[in-house]
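Engineer: have a look at this prediction, sequence included:
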Amino acid sequence: MRLCKYLKVIFMVLLSATIFTVTVHKVSYEHFKNLVNNSMVDHIFPKEPCACVERCLAASDDEWFAKRFRKDVSPVLALSNSILPEHIFKWWQSLQSRSTANYSQVIKELFSVVPGEEWYRDAGPSRCRTCAVVGNSGNLLGSHYGPFIDNHDFVFRMNKAPVEGYEKDVGSRTTHRIMYPESASHLDNNTHLVLLPFKTLDIQWVTSALTDGSIKRTRFKVINQLQATRDKVMVMHPAFMHYVHNTWLHIKSRRSYPSTGFLVLIFAMHVCDEVNVFGFGANSKGTWHHYFENTPKFFKRTGKHSGGIERETILELQKRKLIDLYTGW
Ligand code: C5P
C-alpha cells in the first residue's frame, strides 16, 4: 500500500515537472507526446492548429477522422524509427517473396547514402503547407487544373506520369515523385524521390541505384542507375504502409495492399495542412485510364488493391471537407 502511494507521488511529481517544462520552455508538442501517452496529451492540450485559413487537417475535430488519423505514425523511415515491431515486419514480409536480406543491414546501407533524419516534423501554428496530390487518371485531360496544381507548396506525382505536353491540365511543378523500382523514372535536381518499399529489395535497389547500380532486376529489369539528388531521397515507412492498410482501409486479406495513390494521399495528409486531390478515378465516360496513355480501359483495374474501400474513403474525406477532390467534371 505504502509503496503504491509512494509511486503515485513520484508519478504526479514527474507529470507536473513535464507539464511545467512544456509550458515554460515551450518544448515541442511532438517531444511531449513521446514522453506521455498520446490520448492523455490530446486531452490536456488542444489539437495543433496551423496558419491556413481554409483548414488545418491535423487539428480537425471530426470523429470519423480522429478514429483513423494517427499523428504519431511516422510517414518517413529514419535512423531513429527504423526498428519494426514484429507484427508489422511479418505483414511487410508477407507482401513480398521470401527475402533473405538482413533488414538492419539494409537500413544501415540505405542511411549511408540518403539522409537518416526524420522529415516533416515541423507542424505548428505558423505553418500553412498546401499540397496537391496528383494521380494519373484520364479525368485530368481537358480539366485546365494546371495553374491551380502548380500553386500548391508541394506537388506530389506518381510513377512515370509525365508533365511535358500536359502542363495545362496537370501543371508543370513536381516537388515529390513517389515510385517503386518497377515504376521508376529519372528526376531533376529539385525533386524529392519518395520510395514505396513494397519489399526489402526495393530499399536495396534505391541504395544501389544511387551508387554502384549493381541491382538491375527486381521483379523484372529496372533502371539501375537513377538520376536523383541523394539529399532529397526518402523512403515511406513500412509501418506507415501497414497503418494505411489496417487503420484506414481495415483490409483483412494479406494478399491486397493499398494502391500508390491512396498511400500518397494519406502521406500528404500527414505532412501537409491542406490537401487537394486531382487525377483520381474514372473520367466522365467511366473510362479508367492514364492521362498520358491512348489506350482507354473500360473496366476498373485495381489489381491487388482494395479499390472500392479506397474510393469510399476518399469520398468520405471529401464529404467531411477534410480534402477537396477535383474530378475534372
Ligand atoms: O496507374 P498508376 O498506379 O500509375 O496511377 C497512380 C495512382 O493514380 C493510382 O494508384 C490511383 O490512385 C490513381 N489513378 C486513378 N484513376 C486512374 C488512374 C490512376 O485513381 N484512372
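Structural biologist: Received it, and whenever you're ready, just let me know what you need.

Engineer: which stretches in the stretch 51-200 of the chain count as helices?
Structural biologist: Using DSSP state H, counting those that start in this stretch, the helices assigned to the stretch 51-200 of the chain run over residues 63-68, 86-94, 103-110, 146-150, 167-170, 200-209.

Engineer: nearest to Gly261, of these?
Structural biologist: With CB to CB as the measure, helix 167-170 is the member of the helices of the stretch 51-200 of the chain nearest Gly261 (14.2 Å). The way it works is simple: take the backbone N, C-alpha and C, and place the C-beta from them, glycine included.

Engineer: hmm, the closest one touching the ligand?
Structural biologist: No - figure legend: helix 167-170 not in contact with the ligand (CB under 6 Å from any ligand atom); closest approach 11.8 Å.

Engineer: same thing with stretch 135-143?
Structural biologist: Yes - residues of stretch 135-143 are located near the ligand by CB under 6 Å from any ligand atom, namely Gly135, Asn136, Ser137, Gly138.

Engineer: so what's the first one up against?
Structural biologist: Contact partners of Gly135, counting by CB atoms under 8 Å, 6 or more residues apart in numbering, are Met158, Gly261, Val277, Phe278, Gly279, Phe280, Gly281.

Engineer: could you measure from the closest residue to the ligand within the chain over to Thr295?
Structural biologist: For the chain, the residue closest to the ligand is Gly261, as judged by CB to the nearest ligand atom, at 1.8 Å. According to CB to CB, to the nearest Å, Gly261 stands 19 Å off from Thr295.

Engineer: what about the residue nearest in space to the middle of the chain, helix or strand, and which?
Structural biologist: For the chain, the residue whose C-alpha lies nearest the mean C-alpha position (CA atoms, centre = their mean) is Phe267; its distance is 2.1 Å. With secondary structure defined by DSSP states H and E, Phe267 is part of helix 260-271.

Engineer: other SSEs contacting that helix?
Structural biologist: For helix 260-271, the packing partners by 3 or more CB pairs under 8 Å, 6 or more residues apart in numbering; DSSP states H and E come out as strand 130-134, strand 154-158, strand 176-179, helix 238-243, strand 274-278, helix 307-319.

Engineer: if we ignore the residues flanking it in sequence, what's nearest the residue nearest to the centre of the chain?
Structural biologist: Leaving out its chain neighbours, the residue that sits closest to Phe267 by CB to CB, 6 or more residues apart in numbering is Pro75, at 5.2 Å.

Engineer: same question, Glu117
Structural biologist: Of all residues not flanking Glu117 in the chain, Ala78 sits nearest, at 5.9 Å (CB to CB, 6+ apart).

Engineer: for the protein, which spans come out with low pLDDT?
Structural biologist: 1-47, 253-255, 296-307 (pLDDT under 70).

Engineer: again, only this time at 50
Structural biologist: Low-confidence regions of the chain, defined by pLDDT under 50, span residues 1, 3-4, 13, 15-38, 41, 44-45, 298-299.

Engineer: and it, which residues reach the ligand?
Structural biologist: If contacts are counted using CB under 6 Å from any ligand atom, the residues of the chain sitting beside the ligand are 135-138, 158-159, 259-262, 280-281, 288-290.

Engineer: hmm, back to that, I'd like the distance between the residue nearest to the centre of the chain and Ile178.
Structural biologist: Separation of Phe267 from Ile178 (CB to CB) stands at 8 Å.

Engineer: now do the shared contacts for the two.
Structural biologist: Both Phe267 and Ile178 are in contact with Phe156, Val194, Met236, where contact means CB under 8 Å, 6+ apart.

Engineer: name the member of these that has the highest neighbour count.
Structural biologist: Scoring the shared contacts of Phe267 and Ile178 on neighbours with other CB atoms under 10 Å, the highest-scoring entry is Phe156 at 27 neighbours.

Engineer: my guess is it contacts Leu263. True?
Structural biologist: No - with contacts counted by CB atoms under 8 Å, Phe156 stays clear of Leu263, the gap being 10.5 Å.

Engineer: who touches both of those two?
Structural biologist: Contact criterion CB under 8 Å, 6+ apart; residues bridging Phe156 and Leu263 by contacting each: Ile178.

Engineer: looking at Gly261 and Thr295, which is more packed in?
Structural biologist: Neighbours of Gly261 and Thr295, each counted by other CB under 10 Å, are more numerous for Gly261; the result is 23 against 6.

Engineer: excluding its backbone neighbours, what's nearest the more buried one?
Structural biologist: The spatial neighbour of Gly261 that comes closest, neighbours along the chain excluded (CB to CB, 6+ apart), is Gly135 at 4.5 Å.
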